[in-house]
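**Q** Need coordinates for the following:
(chains A, B, C and D)
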There are 4 protein chains.
Amino acid sequence: MLDDKDFIKSWDVPGPTKEAIRAIILYKSEVTSNDRVVDCGCGTGGITCEFSQRAKEVISIDTNPEAIKVTSKNLKKFGLGDNVTLINDDGSQALKDISDIDIAIVGGSGRQLENILDVVDEKLNSKGRIIITAILVDTKVEAINKLKDLGYNPKIMEVNVSNGRVLDRGVLMISENPIAIITAKKR
Amino acid sequence: MLDDKDFIKSWDVPGPTKEAIRAIILYKSEVTSNDRVVDCGCGTGGITCEFSQRAKEVISIDTNPEAIKVTSKNLKKFGLGDNVTLINDDGSQALKDISDIDIAIVGGSGRQLENILDVVDEKLNSKGRIIITAILVDTKVEAINKLKDLGYNPKIMEVNVSNGRVLDRGVLMISENPIAIITAKKR
Amino acid sequence: MLDDKDFIKSWDVPGPTKEAIRAIILYKSEVTSNDRVVDCGCGTGGITCEFSQRAKEVISIDTNPEAIKVTSKNLKKFGLGDNVTLINDDGSQALKDISDIDIAIVGGSGRQLENILDVVDEKLNSKGRIIITAILVDTKVEAINKLKDLGYNPKIMEVNVSNGRVLDRGVLMISENPIAIITAKKR
Amino acid sequence: MLDDKDFIKSWDVPGPTKEAIRAIILYKSEVTSNDRVVDCGCGTGGITCEFSQRAKEVISIDTNPEAIKVTSKNLKKFGLGDNVTLINDDGSQALKDISDIDIAIVGGSGRQLENILDVVDEKLNSKGRIIITAILVDTKVEAINKLKDLGYNPKIMEVNVSNGRVLDRGVLMISENPIAIITAKKR
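**A** Sure, this is the predicted structure:
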């Protein structure tokens, strides 16, 4: 179990996908030790670090070179990364060279979500699973509609988490921002 | 309509009760221009400024002298305050000199909630309404149980609000911390 | 104060806009006793009943004749309605005959939101306010984008409410579905 | 991955702990295939079915004989249960005969939470983890305070989930009730 606050951050690579969301993504992904996972828009590396512990192979992509550096540092910090390949490129570009994907996680798409999903759909194997996290309202709609267009039966779950600060005078709950998890499976 | 970000704050008097919560409190209070309102734990003055515009009279109490100063500044800023009395004292102490209360709002109780509710119960008139806001989990339970002990039929509503930042690339939702509103009426 | 559970419902006209949402809409609307209010997609009549108590005039529109009947029954039940006109028509059609609108509330748009907002924009006076409630993710994006296209500076607030059932063994919180409130003002 | 709606239910044994909550509990539990897990208040068997797939051994307890039956049926339905022992007894009573517990999950306590935590604390091994789910506001406070009294450093996370219904006209979000997850580790 990785603690949100143990991740190394950077001024333009904000904190990792939060603990509860990582937990739900892991569960929905049905990851096994035989799986090839792509983490598209790896950011701080929260998702990469989790799947590195559970999958056969993780390929993590980000257009931002700083994100690749921060993910690399976090893998090192947590003693992970032997099964991780880091690629500093556009998601849809990098995905073209990857095949037989079991799990594709799209956490950052830089306005390229539709293009990325087109390539993901091609490269996903017959048991493949897609998981998209969305913090923008617009991304939720875009993800659902694109997955429908591609013939999937997408599901969406929105999660609002608050964490307690156990103070002397009582427990104060502090909210995380809402995040949506959109999922689909090849059929 | 007062905007959260227009309120003057201070280092140890945090931002006002948020807009959505003020709106719900106003609605639940059924305030009229004949009402005497007590704002116990007035803090930044968010509640005081709202009721000052709608009630006959508002008496605002805080143990923290800084809160009294900040509330006074905010009343001035919004052109309000002619019908407001500010008292820098313990809630349960100050309430002893006030009678025939129509609406008592308890937003800060400094571990004195039970004592304050004992006096509020005495001083509330036969149509009186009590509204308690709670940010600590413990306060929710304490408020409900004390109101039941005093013979009320309390209600509790928990509110999670997030506000959009309309960016070029889409709408990002930012959460406020959860807050509970506990209400009761004299019967 | 109207209680959600006191509203008359019908098999195809679901319960009213919930209490907390009505409260926030009232607050954001800055309604006065001089205002002409249009409630577009009045449904059960929750919004109509609230504004009937506070505005000069309410014009309530719904394409569903059953909604008009239920709103009429609820107005009668709560002793309201002298200042309410009920129109059974398409929103964008009915709005064409209404001018000098102070407050337009769009709670149901039957896929006609953009058309309705076009007419609302024309008919709203210079101090006019628009309030849209959205339960579909898609409607949130559509409302924001259309309001931006029309030159407004829209705001969006999402509200998650849960209400307590005060049981002997403790307080159980029951969630309402999330709802977004999108607002804009003429400038 | 188990789907909430695939669980067998019963009139007095409501649906399982929901998917997102099961996912977060699994993650926080850090379960391994060497772990002995106790599911205290197993209800429908949601937690039992999950840990049955991942732990060495699961001991599931419920005072309600109907819950034991339903859990048994669900284990069978999902092809699980070889490593599960079902006990129809009071939690604190049944726990007395169990030692060297790695993970104790308390999901239903029938007003016996403090007694159960006293025994759990005794029976948990040195690397043991406690996870309590609370749907009552009172249980949150009780769990936190009892764990502090027992010398733990408890954490609390509250989770509000809504799930989308992907309709032709858009995506409608339907809320689950809020639930808190309280966790602690032996130190």
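**Q** near chain D, which residues of chain A show up?
**A** A:1, A:19-20, A:22-24, A:26-28, A:30, A:140-141, A:144, A:148, A:153-164, A:166, A:171, A:173 (Cβ under 8 Å from any Cβ of the partner chain). (C-beta placed from N, C-alpha, C; glycine too.)
**Q** Give me the buried entries from those residues.
**A** Neighbour counting by 16 or more other Cβ atoms under 10 Å in any protein chain shown classes A:19-20, A:22-24, A:26-28, A:140-141, A:144, A:154-164, A:166, A:171, A:173 among those as buried.
**Q** strands paired with the strand ranked longest in chain A, and their directions?
**A** Counting residues, the longest strand found in chain A (DSSP state E) is strand A:155-167. Looking at strand A:155-167 with DSSP bridges, its partner strands are strand A:170-175 (antiparallel), strand A:179-185 (antiparallel), strand D:155-167 (antiparallel).
**Q** Tabulate those (CSV), appending mean pLDDT and distance to residue A:13.
**A** Rendered in CSV, the data for these read as follows (pLDDT from 0 to 100; distance: least, Cβ to Cβ, whole Å):
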stretch, mean pLDDT, distance to residue A:13
strand A:170-175, 96, 22
strand A:179-185, 98, 17
strand D:155-167, 97, 24
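**Q** These into JSON lines, with extra columns for distance to residue D:54?
**A** Below are the strands paired with strand A:155-167 laid out as JSON lines (distance: least, Cβ to Cβ, whole Å):
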{"stretch": "strand A:170-175", "distance to residue D:54": "29"}
{"stretch": "strand A:179-185", "distance to residue D:54": "21"}
{"stretch": "strand D:155-167", "distance to residue D:54": "20"}
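**Q** So which of those is nearest residue B:109?
**A** strand A:170-175 (10.9 Å; Cβ to Cβ).
**Q** Pull the residues that contact the closest one.
**A** A:160-165, B:135-139, B:160, B:162, B:175-178, D:140-141, D:144, D:156, D:158 (Cβ atoms under 8 Å, 6 or more residues apart in numbering or on different chains).
**Q** Not counting its neighbours along the chain, what's nearest residue A:142?
**A** Closest residue in space to residue A:142, ignoring its immediate chain neighbours: residue A:113 at 5.5 Å, by Cβ to Cβ, 6 or more residues apart in numbering or on different chains.
**Q** just the strands in chain A please.
**A** Under DSSP E, chain A gives strands at A:36-40, A:57-62, A:84-88, A:101-106, A:124-134, A:155-167, A:170-175, A:179-185.
**Q** so, in contact with chain C or not, the fifth one?
**A** No: counting by Cβ under 8 Å from any Cβ, chain C is not contacted by strand A:124-134; separation bottoms out at 9.7 Å.
**Q** strands paired with that strand, and their directions?
**A** Next to strand A:124-134 in the sheet, as set by DSSP bridges, lie strand A:101-106 (parallel), strand A:179-185 (antiparallel).
**Q** next one: the second one
**A** Strands adjacent to strand A:57-62 in the sheet, as given by DSSP bridges, are strand A:36-40 (parallel), strand A:84-88 (parallel).
**Q** Adding mean neighbour count, write those out as a markdown table.
**A** Listed next are the strands paired with strand A:57-62 as a markdown table, based on neighbours: other Cβ atoms under 10 Å in any protein chain shown:
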| stretch | mean neighbour count |
| --- | --- |
| strand A:36-40 | 28 |
| strand A:84-88 | 18 |
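**Q** Good, we can wrap up now.
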